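A.B. asks: Kindly return the folded structure for what I paste below:
(2 chains)
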2 protein chains.
Amino acid sequence: MIAELISVGTEILLGNIVNTNANFLAQKCAKLGISNYFQVSVGDNEERLSDAIKTALSRSDIVILTGGLGPTKDDLTKEVVAKTLGRKLVDDPHTRNNIKEYFARLNGTAITENNWKQALIIDGSTTVDNHNGTAPGLIVKTEDGKIVILLPGPPNELVPMFQQDIYPFLNNLQPGLLYSEMVKICGIGESKAETMIRDLIDQQTNPTIAPYAKTGEVHLRVTASASSEEEGQKLVKPIVDELYRRFEKNIYTTDENENLEDYIIKLLAKHHLVLSTAESCTGGLLTGRLVNAPGTSQVLKEGFITYSNEAKQKYLGVNKKTLEQYGAVSEETASEMSKGLLNQTLCDISLAITGIAGPDGGSEEKPVGTIYMGCATHEKIWVKRFNFKGNRQKIRDYAVINGLDLLRRCILEEYGE
Amino acid sequence: MIAELISVGTEILLGNIVNTNANFLAQKCAKLGISNYFQVSVGDNEERLSDAIKTALSRSDIVILTGGLGPTKDDLTKEVVAKTLGRKLVDDPHTRNNIKEYFARLNGTAITENNWKQALIIDGSTTVDNHNGTAPGLIVKTEDGKIVILLPGPPNELVPMFQQDIYPFLNNLQPGLLYSEMVKICGIGESKAETMIRDLIDQQTNPTIAPYAKTGEVHLRVTASASSEEEGQKLVKPIVDELYRRFEKNIYTTDENENLEDYIIKLLAKHHLVLSTAESCTGGLLTGRLVNAPGTSQVLKEGFITYSNEAKQKYLGVNKKTLEQYGAVSEETASEMSKGLLNQTLCDISLAITGIAGPDGGSEEKPVGTIYMGCATHEKIWVKRFNFKGNRQKIRDYAVINGLDLLRRCILEEYGE
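C.D. replies: Numbering: from 1, shown residues only, chains lettered A, B, ... in the order given. So this is what the prediction gives:
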């Protein structure tokens, strides 16, 4: 099956917003095994939108439109789809009631007349309830067996609606099912990872392996087409096992919904460990990322941003002589920072980062991108040097993910899985 | 003039990457006054790419293609454009030399045979040097006066090439020029800001006003079409003055390249102020954002992540009774945090944040999204309560931008512009 994505909205064409909806839907289609050959963005314009719909219907089995379902005159996706398919718009009492209830929950907000425009649906379509807004999703089957799906544009409405109702609907259209696991790898570069599995990718038939690159991480989706979930698991298992043999401790999870900070917070909680952090060049970004994970308050009590040499001495007890002799960006300073942090906060494990994010401050011996990290427990101190390339932002992003990865490896080494 | 954007790459269709190139180019087209009616993403497939190019040429004056200029067999944008336009590929000695020099700079990296594929250009095209990679950009004029531009896909190659060579080229195609200024506003919601200038937008002819929403900020681009830069400035000035009358201190800059953290770091440096920060629910994100701005080390020496109540007492001297009586998320705690931070670090101005980012911890009186911020100088303490809506991530993002904005307003009030 082939799906085409049409994103509707002049704000996309003006560059006002980045089209993350197309990316989200493309990922989901890939996961469902539905091919996507074209993605089109078009403005709130009747003629051009109608052209885009006709073209999409001529070359795809499923057309997914996002955006243009709002209550204003500019929002015309539903109207144009209806006209293009030769259907009428009809009042839907169920949706009308949903809108009434939605506004009742937002106590105090009055329903304006144009909101009732959203209770009109395409004749013969199936509505999909919107629990985070007033525009329902619509599924329309055309006379020649094609499927047109209309979804609201705001990601906080689109994403839950897709996950809850559209994904299962699309999954049911297919013979059999697709079972997939996501193998998440960090601490190894994208091109190296791809080289390590080139032979597996070249041989692949069922299951397939698709690599996804993220900053400092590589995710590999292993997907099997099967007649049951059990059969899917059986097909996927040998490939995942093989990936574990090749990547070993570089794999941190196979749970699609777990990211690196979630994993670390869980691992700390499991071993009843309290973590403290001290950040220089990353200025709080690493701790800020950890705090994303729910449950952080049990394992993270405090952290320092020690941007100046004085702060490194005052709070972490770094020796003035060490700073003078080896510099703030050195193995010795990173080691003293992590050890001092451990003593100062009485935590179980500490992570300290010091480095040169640029644009200034680099030297021949320690160019911009040189970062030292120290991780200490009461038993041991690990210090690691990194040389990241790129601009200030990129160096800091890589430092954050590699700092988290160092922490992960130290916990595993000292305390186990 | 109408431009169409074609993004080439199967990685977009698989959802492997978010298409930020289309967003970048759409913004630049809008700035140039070039209309963009369609954006199309298509895979590395000859037939479908050729169809996309033909369709684009039939309805647009300028077609900008990104991606598919690499050295591998999969990269076929140049080949397909040549075939579609009935042109040959010819060897370009200038580009061949550039490739040789590029590899010489990466000492140690050998040129592989397929790299020379990148020295082939479309017959009759103009090459645009790529200073960050090996694929040159190409500009082709078709027989019927249309323009096809081929650009490399990696943003770190595309963006500088566009800024340096493509933007001026497109600007020269137009009669007269476009002069624009960017009025950046924070501390006021998007819909409120739009309401405040609805009349200006409705009346607009030349200059035009285009709003761009970012998390917690609204940017208004004021663009005049003029025969000279001087005339453009003259046309834009009364509108920018009017925006200052309406938004007053909510405007923090009209410099397109300056963001909020840059502005604050400059403002602190100008007044010779040293800042300290203490973050609870944002866990270092605000300080991490400030550290993005070059020059931070002069004005930011240290910060605390005081996630636990104990840390708030230990480092900031928050009274245990205050925490018990009013709670960690309260006006009183925020005030004591900022005052204690000032005393502890001997800085000139301090910013403290405490709040409930969720998903747990909310109550009727203080629901999830309740954030208190304190900003203290040796003269005065400001405390502000915010009620943000959304998930954990969104609440923290809004807290960061509004914390920066509070800091900005306090500096302005106490020390002036």
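A.B. asks: least trustworthy helix or strand in chain A by mean pLDDT?
C.D. replies: strand A:208-214 (a mean of 79; mean pLDDT, DSSP states H and E).
A.B. asks: Centre of the chain to that one, how far?
C.D. replies: Chain-centre distance of strand A:208-214: 14 Å, with Cα atoms, centre = their mean, to the nearest Å.
A.B. asks: elements contacting that strand?
C.D. replies: Applying 3 or more Cβ pairs under 8 Å, 6 or more residues apart in numbering or on different chains; DSSP states H and E, one finds that strand A:208-214 contacts helix A:190-203, strand A:217-226. (Each C-beta comes from the backbone N, C-alpha and C, glycine too.)
A.B. asks: Can you tell me which of those has the worst average pLDDT?
C.D. replies: When the helices and strands packed on strand A:208-214 are compared by mean pLDDT, helix A:190-203 comes last with a mean of 84.
A.B. asks: can you list contacts of that one?
C.D. replies: Residues outside helix A:190-203 that contact it (Cβ atoms under 8 Å, 6 or more residues apart in numbering or on different chains): A:Ile185, A:Ile209, A:Pro211, A:Ala213, A:Val218, A:Leu220, A:Ile239, A:Glu242, A:Leu243, A:Arg246, A:Phe247.
A.B. asks: Kindly check the end-to-end length of stretch A:103-120 for me.
C.D. replies: The first residue of stretch A:103-120 is 17 Å away from its last residue (Cα to Cα, to the nearest Å).
A.B. asks: follow-up on the earlier one: CSV please, covering the helices and strands packed on strand A:208-214 and showing mean neighbour count and distance to A:Ala82.
C.D. replies: Shown next, in CSV, are those (neighbours: other Cβ atoms under 10 Å in any protein chain shown; distance: least, Cβ to Cβ, whole Å):
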stretch, mean neighbour count, distance to A:Ala82
helix A:190-203, 13, 44
strand A:217-226, 22, 35
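A.B. asks: closest to A:Gly33 out of these?
C.D. replies: With Cβ to Cβ as the criterion, A:Gly33 lies closest to strand A:217-226 of the helices and strands packed on strand A:208-214, at 6.4 Å.
A.B. asks: which helices and strands does the following helix or strand past that closest one pack with?
C.D. replies: Following strand A:217-226 in sequence order, the next helix or strand is helix A:229-247 (DSSP states H and E). Contacts defined by 3+ Cβ pairs under 8 Å, 6+ apart place helix A:229-247 against strand A:177-186, helix A:190-203, strand A:217-226.
A.B. asks: Can you tell me, leaving aside adjacent residues, what's nearest to A:Glu157?
C.D. replies: Nearest residue to A:Glu157 in three dimensions, chain neighbours excluded: A:Gly133, at 4.2 Å (Cβ to Cβ, 6 or more residues apart in numbering or on different chains).
A.B. asks: gap between that neighbour and B:Gly358?
C.D. replies: Note on A:Gly133: its distance to B:Gly358, by Cβ to Cβ, to the nearest Å, is 20 Å.
A.B. asks: Compare these two (neighbour count), which wins?
C.D. replies: B:Gly358 (21 against 18; other Cβ atoms under 10 Å in any protein chain shown).
A.B. asks: My guess is the more buried one contacts B:Gly369. True?
C.D. replies: Yes - using Cβ atoms under 8 Å, B:Gly358 is in contact with B:Gly369, at 7.0 Å.
A.B. asks: sorry, back to before: now for the contacts of helix A:190-203, which pair is the farthest apart?
C.D. replies: Top of the distance list for the contacts of helix A:190-203 (Cβ to Cβ): A:Ala213 and A:Glu242, 20.4 Å.
A.B. asks: closest point of the stretch 251-400 of chain A to chain B, which residue?
C.D. replies: Going by Cβ to the nearest Cβ, chain B is nearest to A:Gly284 of the stretch 251-400 of chain A, at 2.5 Å.
A.B. asks: Contacts only, for that residue.
C.D. replies: Contacts of A:Gly284 (Cβ under 8 Å, 6+ apart): A:303, A:305, B:277, B:279, B:283-288, B:291, B:303, B:305.
A.B. asks: got the residues you listed as a markdown table, with pLDDT columns?
C.D. replies: Formatted as a markdown table, the entries for the contacts of A:Gly284 read as follows, by pLDDT from 0 to 100:
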| residue | pLDDT |
| --- | --- |
| A:Gly303 | 97 |
| A:Ile305 | 97 |
| B:Thr277 | 98 |
| B:Glu279 | 98 |
| B:Gly283 | 95 |
| B:Gly284 | 97 |
| B:Leu285 | 96 |
| B:Leu286 | 97 |
| B:Thr287 | 97 |
| B:Gly288 | 95 |
| B:Val291 | 92 |
| B:Gly303 | 97 |
| B:Ile305 | 97 |
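A.B. asks: any chance of those residues in CSV, with distance to B:Thr109 and secondary structure too?
C.D. replies: Output for the contacts of A:Gly284, formatted as CSV (distance: Cβ to Cβ, whole Å; DSSP: H, G, I helix; E, B strand; the rest coil):
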residue, distance to B:Thr109, secondary structure
A:Gly303, 40, strand
A:Ile305, 38, strand
B:Thr277, 43, strand
B:Glu279, 43, strand
B:Gly283, 40, coil
B:Gly284, 38, coil
B:Leu285, 38, helix
B:Leu286, 41, helix
B:Thr287, 38, helix
B:Gly288, 34, helix
B:Val291, 33, coil
B:Gly303, 41, strand
B:Ile305, 42, strand
